[in-house]
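Participant: coords please:
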Amino acid sequence: MSAPTTAPHRLIVISDLHLTTGLDPVTGQWSPTEDFFWDAEFAEFLTHYTDGNPTTLIVNGDLVDFLQVLSLPTPGERVAFDISPDELHSKYGLRDTEHAAEFLMVKVLDGHARFFDALAQFIGRGNDLVIIKGNHDIQFYWPGVQKRLVDRLEQLSGRNRLVFDPSRVRFAPWCYCIPGLLFIEHGNQYEPTTAFRNFFMPILPYDLPNGRRELEMDLSGVLVRFMTNRVEPVNPLADNVRPFSGMYRLLWKEHPWVTLGTFVAATRALFRAGRKRRLWHLSSVRRRYREIRRLNDMERDNEARRCTFPDPDAESRMVALFSEITGRLHRRPTLDRGIWRFLKGRRQMLPNVSRDLRRSAQALAEVLQTRFIIFGHAHYPDAALFTNGIRYFNSGSWIPTLLEPAPGYPNAWQFMFFLLENGEGALLRWVPERHQPEPFTVQ
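Facilitator: Predicted structure coming up:
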């Protein structure tokens, strides 16, 4: 990378909000899979930083939790969104096609009206938004999903009589970087259970019967669809427990029969996923996969060039660096390694994500010439100073992270964000009771 630089203005990094269908505008009921109930607090947070100082808000993955949006389209909505029967499963929800994902995006927008209204006002008053996709909102790969979000923000800006500039909203396919200063990535690619084969182009090499393409699913996505979504109605806070081993113990203790049923359903889904791998032996599927891989690598190289613009001399170095990160440091997906190996590997099933991400950041720091590395994904805020002077931060989450489900939230690990201003970076926590941020110290 080039010599260290300073950010052109203030940067704020948040991650892991996991919005689903929120509050039903008709019934006034919250979705049973909703984890984010703080639209008003988020609006106040954005207002605080709408102070005339141009600000870029970077959502570092998992803004939306698409797989936990359980809404099914009505017959009229199927026509409006052009969703065919091949894209609909009555028990487990919609397939991961572009048309289905657009429907889910609209449901999230409708259920979090205040959240997106605040975001539209933030952009309309001269600030920027960057959305980096994570493993729970891989659907932002689809251009149609991106357009649905931008169109709604533009509509809301108009209602507030603000001028909306679509160029102020950018969707980053993998990371956000300022050469020599910072590197921001969600972090899921460093964990085998949440890694994708082709993160820049995460589509399957075979189509649905109607000829439409479908996104591939990481292992955690399989578990969310077939396990987590089934236990949330009996314990809505279960998936906020960290580490995950605590969630499994708690569910087994409080709801043994429900837990047993979900494990059986999840295991069956894993073996079905394994059987689908037989399709990959077909020559047509292998040819299709090679083409997807080629296009994925091409998009990775294009992203490297965008990070070095307008410095063409640094392009080749950045392309080589991005290739090394995705090829050597990113982990091989669990579903590529075989289901039996996963089921026998207790450590892989119950990883310490926060610890593993810090180790991955340290390995990344050995090849990056930058001042700051920022991850999300773990839901734990974290900070470390490596021996080469690079500082690592994990931006935590805006939803509660619990050692055990309890009614005492919001908690001390909620409303977290990373702030970079005047060349200095720090972890902060928004304090709703005080209507202001305060410094956060990692214990």
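
Participant: residue 197 reaches residue 330, doesn't it?
Facilitator: No: using C-beta atoms under 8 Å, residue 197 makes no contact with residue 330, being 10.2 Å away. Yep, even glycine has a C-beta here, placed from its N, CA and C like the rest.

Participant: ok, and the closest non-adjacent residue to residue 425?
Facilitator: residue 372 (5.1 Å; C-beta to C-beta, 6 or more residues apart in numbering).

Participant: phi and psi next, for the one you found.
Facilitator: Phi and psi for residue 372, reported as degrees, to the nearest 10, are phi -130, psi 140.

Participant: got a list of what it touches?
Facilitator: Residues near residue 372 by C-beta atoms under 8 Å, 6 or more residues apart in numbering: 181, 182, 183, 390, 391, 392, 393, 420, 425.

Participant: drop anything exposed from these.
Facilitator: Among these, those buried by neighbour count (16 or more other C-beta atoms under 10 Å) are 181, 182, 183, 390, 391, 392, 393, 420, 425.

Participant: these two touch, right, the fifth one and residue 370?
Facilitator: To tie it back to what came earlier, the one meant is residue 391. No: using C-beta under 8 Å as the test, residue 391 is too far from residue 370 to be in contact (9.4 Å).

Participant: neighbours around residue 291, how many?
Facilitator: Residue 291: 12 surrounding residues under other C-beta atoms under 10 Å.

Participant: please begin residue numbering at 26 from this point
Facilitator: All set: I'll call the first residue 26, so the last point we hit is now residue 316.

Participant: does it count as helix, strand or coil?
Facilitator: The three-state assignment at residue 316 reads helix, by DSSP: H, G, I helix; E, B strand; the rest coil.

Participant: buried set for stretch 156-164?
Facilitator: By neighbour count on 16+ other C-beta under 10 Å, the buried set for stretch 156-164 is 156, 157, 158, 159, 160, 161, 162, 163, 164.

Participant: packing partners of whatever helix or strand the first one lives in?
Facilitator: I take that to be residue 156. Secondary structure assignment for residue 156, by DSSP states H and E: strand 153-157. Using 3 or more C-beta pairs under 8 Å, 6 or more residues apart in numbering; DSSP states H and E, the elements in contact with strand 153-157 are strand 80-85, helix 138-149, strand 194-197, strand 200-203.

Participant: deepest-packed of these, please.
Facilitator: Across the helices and strands packed on strand 153-157, averaging neighbours per residue (mean count of other C-beta atoms under 10 Å) puts strand 80-85 on top, at a mean of 24.

Participant: for the helix or strand following it, packing partners?
Facilitator: Counting by DSSP H and E, the next helix or strand C-terminal to strand 80-85 is helix 100-106. Here helix 100-106 touches helix 123-136, going by 3+ C-beta pairs under 8 Å, 6+ apart.

Participant: any idea of the mean pLDDT in the helix it packs on?
Facilitator: For helix 123-136, mean pLDDT is 97.

Participant: how far off helix 138-149 does it point, in degrees?
Facilitator: On the basis of axes from the mean of the first three to the mean of the last three C-alpha atoms, to 10 degrees, helix 123-136 is oriented at 100 degrees to helix 138-149.

Participant: residues in contact with helix 123-136?
Facilitator: With contact meaning C-beta under 8 Å, 6+ apart, helix 123-136 is reached by 44-50, 56, 59, 89, 91, 94, 96, 98, 102, 106-109, 112-113, 119, 141, 164, 167-170, 173-174, 177, 237-238, 240.

Participant: pretty sure residue 202 sits against residue 155.
Facilitator: No: contact criterion C-beta under 8 Å: residue 202 and residue 155 do not qualify, at 11.1 Å.

Participant: all the helices of the stretch 126-275 of the chain, residue numbers only.
Facilitator: Along the stretch 126-275 of the chain, the segments classed as helices by DSSP state H, counting those that start in this stretch run 138-149, 168-184, 244-248, 254-256, 269-279.

Participant: among those, which gets the worst mean confidence?
Facilitator: Note on those: helix 269-279 shows the lowest mean pLDDT, a mean of 65.

Participant: mind listing what's buried along the strand ranked longest in the chain?
Facilitator: With secondary structure taken from DSSP state E, the chain has its longest strand at strand 449-456. Buried positions in strand 449-456, judged by neighbour count with 16+ other C-beta under 10 Å: 450, 451, 452, 453, 454, 455.

Participant: contact partners for residue 179?
Facilitator: Listed by C-beta under 8 Å, 6+ apart, the contact set of residue 179 reads 145, 189, 191.

Participant: CA atoms only: put stretch 64-75 into CSV for me.
Facilitator: Extracted C-alpha coordinates of stretch 64-75, given in CSV (Å, rounded to 0.1, in the frame of the first residue of the first chain):
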residue,chain,number,x,y,z
ASP,A,64,-34.8,2.3,15.7
ALA,A,65,-35.4,5.4,17.9
GLU,A,66,-32.0,5.1,19.5
PHE,A,67,-30.3,4.6,16.1
ALA,A,68,-32.1,7.7,14.8
GLU,A,69,-30.8,9.8,17.7
PHE,A,70,-27.3,8.4,17.1
LEU,A,71,-27.3,9.6,13.5
THR,A,72,-28.7,13.0,14.5
HIS,A,73,-25.9,13.4,16.9
TYR,A,74,-23.3,12.9,14.1
THR,A,75,-25.3,15.1,11.6
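
Participant: if you average the pLDDT over it, what comes out?
Facilitator: 97.

Participant: mind listing what's buried in it?
Facilitator: For stretch 64-75, a neighbour-count test (16+ other C-beta under 10 Å) marks 64, 66, 67, 68, 70, 71, 74, 75 as buried.

Participant: contacts for it, please.
Facilitator: 35, 37, 47, 80, 82, 137-140, 142-144, 146-147, 150, 152, 423, 440, 455, 457, 460-462.

Participant: one more time with 7 Å
Facilitator: Applying C-beta atoms under 7 Å, 6 or more residues apart in numbering, the contact partners of stretch 64-75 are 37, 80, 137, 139-140, 143-144, 147, 150, 152, 440, 455, 457, 460-461.

Participant: likewise stretch 346-357?
Facilitator: With C-beta under 7 Å, 6+ apart as the criterion, stretch 346-357 contacts 214, 215, 216, 217, 220, 325, 328, 329, 385, 388, 389, 392.

Participant: of all those residues, which two lie farthest apart?
Facilitator: Greatest spacing in the contacts of stretch 346-357, by C-beta to C-beta: 217 and 329 (24.3 Å).
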